[in-house]
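Trainee: What follows is a predicted protein model with its sequence.
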Amino acid sequence: MSESAVGEAPRRVDIAIIGGGLVGASLGCALAPLIRRLGLTVAVIEAAPLSTDLEAPWQPSFDARASAIAQGSVHHFVELALWPALAEQAAPIRCIHVSEQGRLGATRLRAAELDSEALGQVIPNAWLGRVLHRRLGELPLDWHCPARVETIQPVAGGHRLRLSDGACLEAGLTVLADGGRSGLKERLGIESRERSYEQVALIATVAVDRPHGGTAFERFTTAGPIALLPLREQAMELVWTHQAGREHARMALADGDFLAQLQAAFGDRAGRFRRVGRRHAYPLSLVTAQETTRPGLAVLGNAAHALHPVAGQGFNLALRGVMDLVAAIQAGADRAESPGSSATLADFEARRAGDRHNVIRFSDGLVRLFGLDSPVLSHARAAGLVGLNLVGPLRRTLARRAMGVER
Ligand SMILES: Cc1cc2nc3c(=O)[nH]c(=O)nc-3n(C[C@H](O)[C@H](O)[C@H](O)COP(=O)(O)OP(=O)(O)OC[C@H]3O[C@@H](n4cnc5c(N)ncnc54)[C@H](O)[C@@H]3O)c2cc1C
């Protein structure tokens, strides 16, 4: 925990990670080889208190949120030796079924067509967090939790951070992985472009009356997309997008009425919905930071880009950012550059720019294409969906992108 109290000289670290959420914790774990090889000193600061009993038996919760992890991300977790633990609670996606309400067009993207066992995996967020934090606990890190970074100030050779636990750190490289909600980015004068989708995602776990066989469903309706991701056993993660304001009535429905409305909107393609867990609502916007690097600073994860969850790309994109940052730090060290040097961060930016741009455009394009109720667009959409089923290479491109193996 904290080693420097108020009034003491700041403690110098090579890298300070602000936020130990999915992205900050992944970065901490991915830095392990560099901590060992290069002797880097790393601090992770996380505001939310974490369960200290990481060894307690795991009780899968019917209410847990889950993330679709592309096959490319699975490869990264294999590389980080985290996959065996993550796999314990993962469910494979073997097929993606895409359809549109009121249209005949539908397409299926199958892992087998790509000679792969799965297009991706669905993992409860709580399990992801637990596995990442357990690994962080095994590493020689300066771990401040619960502690909030209250101020950040550029100084010669990096940034000075004041923490709510009284510690003061000076970091050569500060990584902002705070999800973009702490106000630190704004205080540094980094502007973000924000466009509200005027939509709210309603998330819940639902139980179905038949095995899903590893199928993930994406159904586009005039009010917004509905996604169902396979979980272990006969449960699925529902992401039901609503026009902003319309979610309130659905949040308030009794479970039976909610399930009946979901059945009416989704049809029987996944079977009969039998049970629903606690519902959560997330307002959706596209947020992109206008700068993702400065000397001594990198912005990662939701702090850099918050996307519509329609294509399940946010964390996958962020994890590639984590891996590229670690690669740039390693390459910089080979040239005797520090992690926060302009050259190291320019290398990182060069590795990231294309992927980030493509994924943001892809996710935003899907929302725009399927979110509007224009007759011309509707025909184009139906033709597009049928066309996707007919045109093998295009469908394969979409599947490869869903798998995170094509940028
Ligand atoms: C409805 C929905 C469904 C999604 N589904 C998927 C999916 O299926 N697949 C996918 O790839 N992506 C998905 N995403 C995106 C994914 O959830 C995000 O990309 C991911 O959570 C971003 O993680 P993060 O660590 O950047 O931010 P966060 O998860 O917000 O974590 C930030 C952390 O920083 C801490 N923090 C904040 N301020 C401070 C401070 N001042 N000091 C210290 N710590 C601080 C917070 O406590 C928090 O733990 C989805 C998103 C939504 C909204």
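Mentor: Yes, it's here.

Trainee: going forward, measure contacts between C-alpha atoms and count neighbours the same way
Mentor: Will do.

Trainee: Quick one: distance of the longest helix seen in the chain to the chain centre.
Mentor: Assignment by DSSP state H gives helix 342-371 as the longest helix of the chain. On the basis of CA atoms, centre = their mean, to the nearest Å, helix 342-371 sits 14 Å off its chain's mean C-alpha point.

Trainee: Please name the residues that touch the residue sitting nearest the centre point of the chain.
Mentor: Closest residue to the average C-alpha location of the chain: Phe315 at 2.0 Å, with CA atoms, centre = their mean. With contact taken as CA atoms under 8 Å, 6 or more residues apart in numbering, Phe315 is in contact with 22-23, 69, 301.

Trainee: for the ligand, what are the nearby residues on the stretch 251-400 of the chain?
Mentor: Proximity of the stretch 251-400 of the chain to the ligand, by CA under 6 Å from any ligand atom, involves residues 282, 301-303, 309, 312-316.

Trainee: run the last query once more with 8 Å
Mentor: Contact residues (CA under 8 Å from any ligand atom) of the stretch 251-400 of the chain with the ligand: 281-284, 300-318.

Trainee: just the buried members of the residues you listed?
Mentor: 281, 283-284, 300-318 (16 or more other CA atoms under 10 Å).

Trainee: Just those residues: which are in strands?
Mentor: Among those, DSSP state E puts 281, 283-284, 305-306 in strands.

Trainee: For the residues you listed, work out which two are farthest apart.
Mentor: Ala281 and His305 (19.3 Å; CA to CA).

Trainee: ok, then the element right after the longest strand anywhere in the chain?
Mentor: Counting by DSSP E, the longest strand found in the chain is strand 192-208. Using DSSP states H and E, the helix or strand that directly follows strand 192-208 along the chain is strand 215-221.

Trainee: if I pick the residue nearest to Leu238 when sequence neighbours are not counted, what's in contact with it?
Mentor: In space, Leu238 comes closest to Leu228 once its chain neighbours are excluded; the distance is 4.7 Å by CA to CA, 6 or more residues apart in numbering. Neighbouring residues of Leu228 by CA under 8 Å, 6+ apart: 216-218, 236-239.

Trainee: The ligand next: which of these are close?
Mentor: Filtering the contacts of Leu228 for proximity to the ligand by CA under 8 Å from any ligand atom leaves Val239.

Trainee: in the longest strand of the chain, what's buried?
Mentor: 192, 197, 199-208.

Trainee: Which stretches in the stretch 251-400 of the chain count as helices?
Mentor: 255-266, 314-334, 342-371, 375-390, 392-403 (DSSP state H, counting those that start in this stretch).

Trainee: Among the contacts of Leu228, show me the least confident.
Mentor: Going through these one by one, the lowest pLDDT turns up at Glu218, 85.

Trainee: these two touch, right, that one and Glu237?
Mentor: No - Glu218 lies out of contact with Glu237 (CA atoms under 8 Å); the separation is 11.7 Å.

Trainee: And the ligand, is stretch 78-93 touching that?
Mentor: No - in terms of CA under 8 Å from any ligand atom, no part of stretch 78-93 sits within range of the ligand; the closest distance is 11.6 Å.

Trainee: as a whole number, average confidence for that stretch?
Mentor: On average, stretch 78-93 scores 96.

Trainee: Just the C-alphas of it, formatted as PDB.
Mentor: C-alpha atoms of stretch 78-93 as PDB (Å, rounded to 0.1, in the frame of the first residue of the first chain):
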ATOM      1  CA  VAL A  78      -3.100 -17.100 -23.600                       C
ATOM      2  CA  GLU A  79       0.100 -15.100 -24.100                       C
ATOM      3  CA  LEU A  80      -0.300 -13.600 -20.700                       C
ATOM      4  CA  ALA A  81      -0.900 -17.100 -19.200                       C
ATOM      5  CA  LEU A  82      -4.300 -15.900 -17.900                       C
ATOM      6  CA  TRP A  83      -6.400 -18.000 -20.300                       C
ATOM      7  CA  PRO A  84      -6.500 -21.300 -18.200                       C
ATOM      8  CA  ALA A  85      -8.100 -19.400 -15.300                       C
ATOM      9  CA  LEU A  86     -10.400 -17.300 -17.500                       C
ATOM     10  CA  ALA A  87     -11.600 -20.400 -19.400                       C
ATOM     11  CA  GLU A  88     -13.000 -21.900 -16.300                       C
ATOM     12  CA  GLN A  89     -16.100 -19.500 -16.600                       C
ATOM     13  CA  ALA A  90     -16.000 -18.800 -20.400                       C
ATOM     14  CA  ALA A  91     -18.600 -19.900 -22.900                       C
ATOM     15  CA  PRO A  92     -17.600 -20.200 -26.600                       C
ATOM     16  CA  ILE A  93     -19.400 -18.400 -29.400                       C
END
